[in-house]
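Visitor: this one's sequence-less:
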């Protein structure tokens, strides 16, 4: 049966998380008729995140109620092209959300400003170290086509919408005490002061200072006190309840699309939200470089519908955006053998290592925490004075400590050598669990020709479409970076003179999907200035269809050490701005190919 064709609208937005919500709010206010199609359900704090139900680790962590349903749609995974990929039947390493608000419902709130160290990465490294410093296998490492100066006002806008708590380290070019001295210059302070520190972050800050580093409180979209944002959304102050990452916030203290940009969009009579709507294809005009709308299924009725639109905004999770581009035949799929094509290219992830410390007789009250109670050093990331040359890697890493969502089921630290079960394990858990802290590094991931996304030839989703296949592993650049990070982490950990210590591991390891790492996936539809090596231009407009705009971390040409949401939100505001100021007046390519 043919899909029922609906009345054309000005813009259809696929996915209603941070980026979809931002575009929905901005475009509907500009007078466009906007429809948002969200695969998941409607979410409100009153209905979904009230006590006591919200603090349910079994429900939200173990049973993954807020996450994408892997029984309907997932990815297949392998480390190299020579391996057979297998479906990920239970999410583990990363956790895309599935509801109004997306992954912005269950994130921890870390909000960073990525700098020109990332945006001009190829130019900077070649200028300092020479072209040969960058491996031929990393030939896709490229400048992004944007600058920090261009992004500053959009970072600022997102921070004030998202109630970010922090301390500026650079105000109008002048370094400020207490903040990150390596950040780019900002026009004004954060909207809110930093969250309170906990004992573990205090000990880390003292050790880092003694070692000559520059610790500061992590900027986070967790309101340190009551706040009203420029759109009128109200926030409560953080309760330090310990249920932050992977949970909604009952106090409305953690910024989320469902309490900020989505309600702002829904105030407009130009905006319509349709939940339980699974988009299966973006429709193309075969005679022109444009798209004509989308095909989607109402999951409650099973009806297939066509929604025509003058503009399409793709705003789902990183891998889902790439998946839909491949399924829709928009852009040439990437081929690692020839290094041609762009869709699926530059997939990157994140590196991590950490040490656990145990202090006999000392209580850390680990159950008291928030997403922003960590303290951080940026001396090995945004600090361009840190010489990567002797260590042979591109990129950088941050190091942090401070309890963040240490849950009773999923987080039970005991010293190395403790039996995995039985009486001895119980005794060790009772003795050490609240007497422990961790120090962790988070590092970037550079593009490699054999790390990519494509369509799986074997496995299919609930709509009989090929699953997305992920081919990824850590390469030599990441191994070198992680080895250096482990050394720094262990030196800081040893300086604290803990009773027991489990050291950070800096040895090369393959990536596996089983333990959680982060939901900071990047690349797949990279941005750039050359349509031969990028899927979208610097305004996130598709090179292959001028009325298709692609949001999210999938546009990152490589992944950095920071959490991506601050940059993702800023880029969304920048795209909305260019659509309103230029594209609406004269639809067409914004950048010449």
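Guide: Looks like it came in fine. The model shown is predicted, which means the values in this text are computed figures rather than measured ones.
Visitor: for the stretch 451-593 of the chain, what spans make up the strands?
Guide: 452-460, 466-471, 500-502, 522-524, 548-550 (DSSP state E, counting those that start in this stretch).
Visitor: of all those strands, which one comes closest to residue 345?
Guide: strand 452-460 (6.1 Å; C-beta to C-beta). Using the backbone N, CA and C atoms, a C-beta is placed for each residue, glycine as well.
Visitor: now that closest one against strand 466-471, angle please.
Guide: Note on geometry: by axes from the mean of the first three to the mean of the last three C-alpha atoms, to 10 degrees, strand 452-460 and strand 466-471 are set 140 degrees apart in direction.
Visitor: centre of the chain to strand 452-460, how far?
Guide: 23 Å (C-alpha atoms, centre = their mean, to the nearest Å).
Visitor: do the same with stretch 154-164
Guide: 16 Å.
Visitor: hey, which of the strands of the stretch 451-593 of the chain is tucked in deepest?
Guide: Ranked by mean neighbour count, the strands of the stretch 451-593 of the chain are led by strand 522-524 with a mean of 30 (mean count of other C-beta atoms under 10 Å).
Visitor: what pairs with it, and is each one parallel or antiparallel?
Guide: Applying DSSP bridges, strand 522-524 is found paired with strand 345-348 (antiparallel).
Visitor: which residues are contacting the strand it pairs with?
Guide: For strand 345-348, the external contacting residues (C-beta atoms under 8 Å, 6 or more residues apart in numbering) are 140, 322, 334, 444-447, 451-453, 470-472, 521-524, 526, 533, 535, 556-559.
Visitor: what comes up buried for the biggest helix by length in the chain?
Guide: As assigned by DSSP state H, the longest helix anywhere in the chain is helix 476-495. For helix 476-495, a neighbour-count test (16 or more other C-beta atoms under 10 Å) marks 477-486, 488-490, 492-493 as buried.
Visitor: how about stretch 384-393?
Guide: Buried, per 16+ other C-beta under 10 Å, within stretch 384-393: 388, 393.
Visitor: end-to-end on it?
Guide: 13 Å (C-alpha to C-alpha, to the nearest Å).
Visitor: cool, and stretch 539-555?
Guide: 10 Å.
Visitor: avg pLDDT for it?
Guide: Mean per-residue pLDDT for stretch 539-555: 98.
Visitor: cool, and stretch 205-213?
Guide: 98.
Visitor: tell me the gap between it and the middle of its chain.
Guide: 28 Å.
Visitor: and the contacts of that stretch?
Guide: 197, 214-215, 375, 377, 379, 399, 491-492, 495-496.
Visitor: how about stretch 1-12?
Guide: 23, 27, 32-37, 293-295, 303-313.
Visitor: swap in stretch 44-61?
Guide: Residues outside stretch 44-61 that contact it (C-beta under 8 Å, 6+ apart) are 65-66, 106, 241, 243, 246-250, 252, 258-259, 407-410.
Visitor: just the buried ones out of these, please.
Guide: So, by 16+ other C-beta under 10 Å, the buried ones in the contacts of stretch 44-61 are 65-66, 106, 241, 243, 246-250, 252, 258-259, 407.
Visitor: just checking, residue 331 is part of a strand?
Guide: No: checked against DSSP: H, G, I helix; E, B strand; the rest coil, residue 331 lies outside a strand; its state is coil.
Visitor: sounds good, over and out.
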